Structures are given as structure tokens and as C-alpha cells.
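Q: Sequence first, then the predicted structure:
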Amino acid sequence: MYNSVEDFMSYIENKNPGEKEFHQAVQEVADSLWGFLSDHPEYVHSRILERITEPERVLIFRVPWRNDRGEIEVNRGYRVEFNSAIGPYKGGLRFHPSVNLGILKFLGFEQVFKNSLTTLPMGGGKGGSDFDPKGKSNNEVMSFCQSFMTELSRHIGHNTDVPAGDIGVGGREIGFLFGQYKRIRNEFTGVLTGKSLNWGGSLIRPEATGYGCVYFADEMLKTKNDSLDGKTVVISGSGNVAQYAAEKVIELGGKVVSMSDSSGSVYDKDGIDEEKLEFIMHLKNVKRGRINEYSDKFGAEFMEGKRPWGIKCDVALPCATQNEINEVEARELVKNGCFVVAEGANMPSNAEAVNVFLSKKILFGPGKAANAGGVAVSGLEMSQNSMHLSWTRKEVDTRLKNIMKSIHSSCLEHSTNENYVKGANIAGFIKVADSMLDQGVV
């Protein structure tokens with residue numbers, strides 16, 4: 001229906017003004033699919049690309065709550081139910097001041113492809129609020145979560161939409177959200193994933209995104225008869241994904257030399273070992289402190305206000321947030337010897353950075369593939385809930401590793417010249433598009 005990618009993107013940008021992250025995500029997919037679509041007119045005739053870029057449903061709602069001073073505050077809540085062709089909507093909730101509709105549409109769109117790649121029956125969705133849990137008391141976070149779920153509860157269900165956590169939504173928030181859902185609906189169902197082990201959660205779920213990212217990086221290295229053993233690894237972020245990516249790298253014999261947060265990055269040339277990582281986990285998960293405290297304790301270099309991409313390394317694992325690597329930083333990574341990048345976050349490399357990685361022929365695992373471990377184990381949590389079973393840690397980890405291997409194989413099958421971006425987009429698209437064709441114009 002469109003003569004070029006540029007024509008299609010003009011249509012997307014005019015229809016979704018100001019949503020630059022969403023435009024970026026669609027552009028990457030359209031670039032990857034354009035030649036493939038010309039060989040498959042059935043998708044073009046049925047306007048699958050136009051349909052797959054339009055959410056099935058967007059929910060926006062008011063979230064009033066009371067702070068500890070007794071004052072009423074008001075935030076905005078969202079749920080973007082993007083595509084349910086292969087299963088119920090599945091994707092996280094993000095609580096952060098930067099949350100807006102464009103960011104959630106980008107995340108939901110990415111989730112459609114990511115979930116498809118896992119081969120599990122999950123559609124794509126995303127949600128959240130501009131609420132900031134940082135600096136809030138437990139009572140304030142609970143008040144907000146209960147108000148948020150009071151509205152969201154009417155739109156979700158274990159066969160309809162199953163949210164999970166994301167930035168700003170950890171075990172504490174999931175617990176408050178689940179408790180309110182149970183109170184309103186008077187039922188105990190697997191309507192949220194990332195739950196505590198005591199009440200329906202899955203082993204390995206907190207670790208899954210970080211572990212999965214490392215498993216994917218290791219699979220890419222295996223194509224070169226190599227491994228993570230002995231490799232110097234730079235990691236951004238210091239939250240859940242970064243922590244467990246570091247743990248798995250250490251386990252596989254790699255040397256982690258950096259972690260970061262919004263205040264800056266630490267560079268530990270001696271390496272972050274298990275003891276140091278335990279300190280970081282306590283610092284971020286319990287004290288909710290800043291990463292510079294690591295430098296104060298261990299004498300590492302603190303790079304205030306800087307990201308870690310200027311550090312010499314073999315492997316880079318961006319595990320913080322979107323667009324955290326730009327073209328200049330990508331060139332610096334390649335110049336300093338980095339030859340593997342696996343994205344633990346959602347779209348952490350901007351379009352120019354991705355072009356650098358692809359042009360330099362480094363092993364580059366895009367987020368929708370390398371970052372899929374978290375939602376994969378969320379899907380496994382859903383399975384355990386539906387069967388009222390709890391698998392062992394080894395069982396879940398083995399399933400996760402096999403899923404990441406399968407995703408890697410699918411990406412290679414549909415790529416050319418080890419272009420994992422193209423391979424991931426085409427592989428993810430085919431399953432969803434074929435399902436949409438099977439189900440008619442819905």
C-alpha cells in the first residue's frame with residue numbers, strides 16, 4: 001500500500017504525533033520487514049503492518065491517592081493492550097516520572113515481537129504511571145498501588161491481560177497490586193507475574209531478564225567458537241536486570257567492571273566479584289542508595305553523570321533504559337575493543353548506534369531477543385499458576401536457557417550476515433501475522 005519505508009513512516013508519524021520512541025521502534029521493524037513483505041503479498045494485501053502498529057486498546061485513567069501528610073495527589077495511569085493474536089496481553093507496568101503514552105506504545109509494540117519470539121502463547125501489552133516510587137514511604141506506595149489497581153482491575157484477567165513488573169515496579173509493588181486485585185475480585189488467580197514465592201511466584205523470575213540476556217550473549221559467542229569465560233564485561237544499570245546479568249557473567253567466568261545509575265557509573269578495574277555484587281544488591285534493593293557508595297567502600301572510580309560506554313571491554317550489556325547508547329558512544333565501544341553487545345533493556349541503543357554495531361559486524365543482540373528472558377519466565381509462572389504447581393529452580397532455569405537458545409536460533413534462521421535485528425523482527429512478525437490472518441479482520 002506504500003511505495004517505501006519513508007511513506008509508511010510518514011503515515012505512522014502523522015497518526016501518532018510526538019511519540020518519538022514509538023516512531024523509532026516502528027522504524028526499526030519496518031526497515032527489517034520491507035524486503036520480506038515484498039515477497040509475501042498476503043501480508044501486504046491484508047494490511048498486517050498497519051494493523052500490527054495500531055494498539056487494539058489504549059486505557060488512560062486518573063489515579064488519586066493520599067500521601068503521608070494527608071494530602072491528595074493525582075497521577076495518570078495507562079494500559080496499552082497492543083496485540084492479542086497469540087495469547088492474552090502480557091507486559092510490565094512501569095512507574096516512573098518519564099512515563100507517557102508514546103513510551104508505553106513503544107514498549108508494548110516491542111513486547112508483541114518479544115513475546116512471539118519466546119514461542120509461548122502471550123500477546124503484547126504495557127502499562128504504568130508517571131508516579132515515582134523513589135522517596136515514597138511504603139504506605140504511600142501502597143496507597144498509590146491500591147488506587148491504580150482499583151481502576152486497572154476491571155480491564156485485566158488471567159485469560160485477558162496479565163501485567164508484570166518493570167522499572168519502579170518490583171516485588172513490593174506487585175504485592176500491593178495483587179492484594180488489591182484479590183480484594184476487589186474475590187479471587188486468587190495468576191493475574192500478575194513477578195509475585196512472591198510464598199503466593200504463586202516462580203523461582204528464577206527476578207533473575208530471568210538478566211540471566212536471559214547473558215545466555216543470549218553466550219549463544220552469539222558460540223557461533224564464533226567462543227564464550228564469556230575471561231571476557232571483560234561492561235554493564236549499565238544497577239537494578240534487577242543489571243544485578244542478575246552481573247551474577248550470571250561472574251558464574252560463567254567473565255569479569256564485570258562497571259555498573260551505573262542515574263547519578264553516574266562506577267568503574268572497578270579489579271572486577272565486581274560475588275562479595276561486591278552482594279553489596280550492590282543490598283545498596284539498591286534494601287537501602288535504595290546511590291551507586292557512588294560502592295566507590296566509597298571499594299575504592300573504585302566513580303564517573304559522575306557519565307555512562308560506562310567509554311570503558312574498554314569485550315562485551316557490553318546495556319541494562320538500564322531506552323536510548324542510553326548513542327552513535328558517539330557506540331563508536332567508542334567498538335574502538336575500545338567491544339565485539340559483543342546484548343541489550344538487557346528495551347531499545348537501549350538508538351538507531352544511529354545500532355547502525356554502527358551492524359556496520360562494524362559486531363555481535364549485536366537487540367532487546368526484543370536478548371531481553372526476552374523476563375517475559376519468558378513470566379509465561380512459565382503463568383503455566384505454573386494454571387496448573388497449581390511450582391517447578392524447581394533448576395527446572396525453570398533449564399527452560400529459560402532453552403527458550404533463549406530457541407530465540408537465538410530463530411533470529412539466525414531469518415537473518416542475513418548474522419543481522420540479529422532483522423532476524424528477530426522477521427521471526428517475531430511471522431507468528432503474530434499468521435495468527436492475525438487466521439483470525440480474520442479483528
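A: Yep, that arrived.
Q: When you work out contacts or count neighbours from here on, use the C-alpha atoms and nothing else.
A: Noted.
Q: can you pull out the strands in the stretch 151-300 of the chain?
A: Counting by DSSP state E, counting those that start in this stretch, the stretch 151-300 of the chain has these strands, from start to end: 161-164, 232-236, 255-261, 264-267.
Q: show me where pLDDT drops low in the chain?
A: 1 (pLDDT under 70).
Q: Can you give me the domain assignment for it?
A: With domains defined by automatic domain parsing, the chain comprises 5-52, 57-189, 208-370.
Q: Let me have these in TSV, adding mean neighbour count and distance to Ser383 as columns.
A: Shown next, in TSV, are the domains of the chain (neighbours: other C-alpha atoms under 10 Å; distance: least, C-alpha to C-alpha, whole Å):
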stretch	mean neighbour count	distance to Ser383
domain 5-52	16	26
domain 57-189	20	10
domain 208-370	20	16
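Q: Switch the ones you listed over to TSV; also include distance to Val442.
A: Listed next are the domains of the chain as TSV, based on distance: least, C-alpha to C-alpha, whole Å:
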stretch	distance to Val442
domain 5-52	9
domain 57-189	9
domain 208-370	25
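Q: how about the strands in the stretch 301-442 of the chain?
A: Remark: strands assigned in the stretch 301-442 of the chain by DSSP E, counting those that start in this stretch are 301-304, 315-318, 340-342, 363-365.
Q: helices and strands around the last one, which ones?
A: Spelled out, that is strand 363-365. Here strand 363-365 touches helix 208-222, strand 340-342, helix 351-359, helix 420-438, going by 3 or more C-alpha pairs under 8 Å, 6 or more residues apart in numbering; DSSP states H and E.
Q: try it again with 10 Å
A: helix 208-222, strand 315-318, strand 340-342, helix 351-359, helix 420-438 (3 or more C-alpha pairs under 10 Å, 6 or more residues apart in numbering; DSSP states H and E).
Q: What of the third one?
A: Here strand 340-342 touches helix 208-222, strand 232-236, strand 315-318, helix 327-335, helix 351-359, strand 363-365, helix 367-370, going by 3+ C-alpha pairs under 10 Å, 6+ apart.
Q: try it again with 8 Å
A: Secondary-structure packing of strand 340-342 (3+ C-alpha pairs under 8 Å, 6+ apart): helix 208-222, strand 315-318, strand 363-365.
Q: quick one: which of the ones you listed is nearest Tyr420?
A: Proximity to Tyr420 (C-alpha to C-alpha) singles out strand 363-365 among the helices and strands packed on strand 340-342, at 6.0 Å.
Q: who's in contact with the closest one?
A: Strand 363-365 has contacts (C-alpha atoms under 8 Å, 6 or more residues apart in numbering) with 216-217, 220-221, 339-343, 357-358, 418-421.
Q: Tell me the helices and strands packed up against the longest strand along the chain.
A: The longest strand of the chain (DSSP state E) is strand 72-83. Other helices and strands packing on strand 72-83, by 3+ C-alpha pairs under 8 Å, 6+ apart, are strand 57-66, strand 89-95, helix 101-117, strand 124-129.
Q: Show me the one of the ones you listed that comes nearest Ile325.
A: Across the helices and strands packed on strand 72-83, Ile325 has its closest neighbour in helix 101-117 (17.0 Å, C-alpha to C-alpha).
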